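**Student:** what's the 3D shape of this:
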Amino acid sequence: MVGSAMVLTALNFSISFVAFGEIAETFDAEATTVSWALTAFSITIGALIVPGGWAADRYGRARMFATGFAVFLLGSGLVALAPTVELLVAARVVQAAGVAFQGPAMLALMLDAFGPDRRATAVGVTGGLGGVAAAAGPAIGGAMVESVGWRWTFAANIPIGLIVLAVLLRLLTFERPADGGDVPDLPGVLLMVGVVAGFILGIVQSDDWGFADVRTIGSVAGSVVLSAALLRRSRRHPSPILNLDLFTIPSFRSGMGLQLLVAGSFGGVFLTELQFLTDGWDLSLLEAGLAIAAIPAIAGPLTVVAGRTADRHGHRTVIVPGMVGMIAAGLGFALLIGDEQQLWSRWVPINALYAVGVGLAHAACQAVAVNDVPAEQLGMGAGMSRISQEIGNALTAAIAITLIEQARTPADGLQATMVMLIALTAIAIPVAWRLPRRHRVTAVP
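**Tutor:** Numbers count the residues shown, from 1 in each chain. A predicted model of the protein is given here:
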């Protein structure tokens, strides 16, 4: 049932991209405005996922998982009822807050169940479940948007989710909260929200404001200042919201970087593909969803195989080939896809290659980050490791929207986004190449 709850949230991720265009039409809003329904979601997760991980370790992983899932369902209902785009964005923030507390607890539960020697397998299974859900998301979302409207794609979460939640409450073993402990660093939480929100705000709005605008510079500079304050507070507070000791673990640092550059590029690529297929090749939402579904359909099951392989032979053996596949697919999209519709002869094979790269690399990057994290800190480790991926998703989606709007044709927008994918993946190759060849668990005091 833990997997069922995760499947529902994964469906929401892909459906939100499918519904993007229809939401803009409903509110007669600019794409950059509606993009905040996506960006605010990632900002909120990035800001709250570490507090969510801390809460899972402190108050119990099962308890935080169920609580986060309930908040996600509440947010889904608010999204479905939102009368304005501003309230829609606010409702997406509620959804994201639920996911931020659910996600680290869910991964910690899975890692506990599989044990320390099979952590990559646990992450792979988690990614596989999410991949199957995301594979169905574009098709289900496209069909629902075209038949009953985008609001029902979010409203449908509620009856299904309530059934899952009721079963979870009966089956989960709710641990007792950790005894004693210091008061949590609530000002640190606020600092983290400011760090993430300020940085992404400056990047997202840079196209409208201008890179040299005082608002852009001020947002990014403010984020830097708050980052320094957060680091200083985290070093001194007895119960910091950011556990800096985890950064002494080499695999954790490498995993964070890989998630930012590799897994974090998925948001921009996924959004660009949908926009190109509907605007460039005039496919319906359902047809575009089916054309993209190969990514999670192939990548999802492959993450399970990649996880097992990483546990036996080292993360490098799956991440590097996966990154090579992603770069090759990016080149294929950039050089071979144009205005003429060539769905089966070119799009499907190239997209399948990209899916193989995603399946091999994405979940394994997260597995690297949590590989050597002590068991009692898995919630915090899972939360911190996801920050970079969420920031990457938000940034690449925002950059992709800018590239698409500035491009002369949809094909030019696709090409520009794929150049971004190639560059980010290429930068990450040296990091992945330095990973150990064989699986190794480092004892951390």
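**Student:** Now the residue nearest the centre of the chain: phi and psi?
**Tutor:** Centroid check for the chain by Cα atoms, centre = their mean gives Glu390 as the closest residue, at 4.8 Å. Taking degrees, to the nearest 10, you get phi -70, psi -40 for the backbone angles of Glu390.
**Student:** Show me where the stretch 51-200 of the chain has its helices.
**Tutor:** 61-81, 85-114, 119-147, 150-155, 157-171, 186-209 (DSSP state H, counting those that start in this stretch).
**Student:** In this structure the residue nearest to the centre of the chain contacts Thr39, no?
**Tutor:** No - Glu390 is beyond contact range of Thr39, at 10.7 Å (criterion: Cβ atoms under 8 Å). Heads up, the C-betas are built off the backbone N, CA and C, glycines and all.
**Student:** that older thread, which of the helices of the stretch 51-200 of the chain sits closest to Ile292?
**Tutor:** helix 119-147 (5.1 Å; Cβ to Cβ).
**Student:** what's the span of stretch 274-292, first residue to last?
**Tutor:** By Cα to Cα, to the nearest Å, the extent of stretch 274-292 from end to end equals 8 Å.
**Student:** right, I mislabeled it, should have said stretch 21-36
**Tutor:** End-to-end distance of stretch 21-36: 13 Å, with Cα to Cα as the criterion.
**Student:** So which bits of it are buried?
**Tutor:** Gly21, Glu22, Ile23, Ala24, Thr26, Phe27, Ala29, Thr32, Val34, Ser35, Trp36 (16 or more other Cβ atoms under 10 Å).
**Student:** Please identify which of these is nearest to Thr417.
**Tutor:** Of all the buried residues of stretch 21-36, Thr417 sits closest to Ser35, with 14.2 Å by Cβ to Cβ.
**Student:** mind listing what that closest one touches?
**Tutor:** Phe20, Val204, Ala397, Ala398, Ile401 (Cβ atoms under 8 Å, 6 or more residues apart in numbering).
**Student:** Just checking, which of those residues comes out lowest on pLDDT?
**Tutor:** When the contacts of Ser35 are compared by pLDDT, Val204 scores lowest at 68.
**Student:** Which pLDDT value belongs to Gly181?
**Tutor:** Model confidence at Gly181, given as pLDDT, is 55.
**Student:** Strands - which of the buried residues of stretch 21-36 land there?
**Tutor:** Taking DSSP state E as the definition of strands, those contribute nothing to them.
**Student:** mind listing which of the residues you listed are in helices?
**Tutor:** Gly21, Glu22, Ile23, Ala24, Thr26, Phe27, Thr32, Val34, Trp36 (DSSP state H).
**Student:** where's the fifth one relative to Val79, distance?
**Tutor:** If I follow you right, that is Thr26. Distance check for Thr26 against Val79: by Cβ to Cβ, to the nearest Å, it reads 12 Å.
**Student:** The fourth one too?
**Tutor:** To Val79, Ala24 is 15 Å away according to Cβ to Cβ.
**Student:** cool, and the first one?
**Tutor:** To Val79, Gly21 is 16 Å away according to Cβ to Cβ.
**Student:** For Ala400, give its distance to Ala31.
**Tutor:** For Ala400, the distance to Ala31 - Cβ to Cβ - is 11 Å.
**Student:** now do Gly218
**Tutor:** Separation of Gly218 from Ala31 (Cβ to Cβ): 24 Å.
**Student:** before we move on, what about Leu81?
**Tutor:** Counting by Cβ to Cβ, the gap from Leu81 to Ala31 is 23 Å.
**Student:** Low-confidence stretches in the stretch 151-300 of the chain?
**Tutor:** 176-184, 204, 207 (pLDDT under 70).
**Student:** hang on, I meant the stretch 301-445 of the chain
**Tutor:** 437-445.
**Student:** now do 50
**Tutor:** Scanning the stretch 301-445 of the chain for pLDDT under 50 picks out 439-445.
**Student:** any idea where the helices of it begin and end?
**Tutor:** Under the criterion DSSP H, counting those that start in this stretch, helices of the stretch 301-445 of the chain are mapped to 316-336, 348-370, 378-406, 410-433.
**Student:** quick one: which of the ones you listed is nearest Leu302?
**Tutor:** helix 348-370 (2.9 Å).
**Student:** That closest one: how far from the chain's middle?
**Tutor:** From the chain centre to the centre of helix 348-370 is a distance of 13 Å (Cα atoms, centre = their mean, to the nearest Å).
**Student:** Just the buried residues of that helix, please?
**Tutor:** Buried, per 16+ other Cβ under 10 Å, within helix 348-370: 350-370.
**Student:** And the chain, what are its domain boundaries?
**Tutor:** For the chain, the structural domains run 2-175+241-433, 185-240, going by automatic domain parsing.
**Student:** can you tell me the distance between the two ends of stretch 174-189?
**Tutor:** Span of stretch 174-189 from end to end, Cα to Cα: 25 Å.
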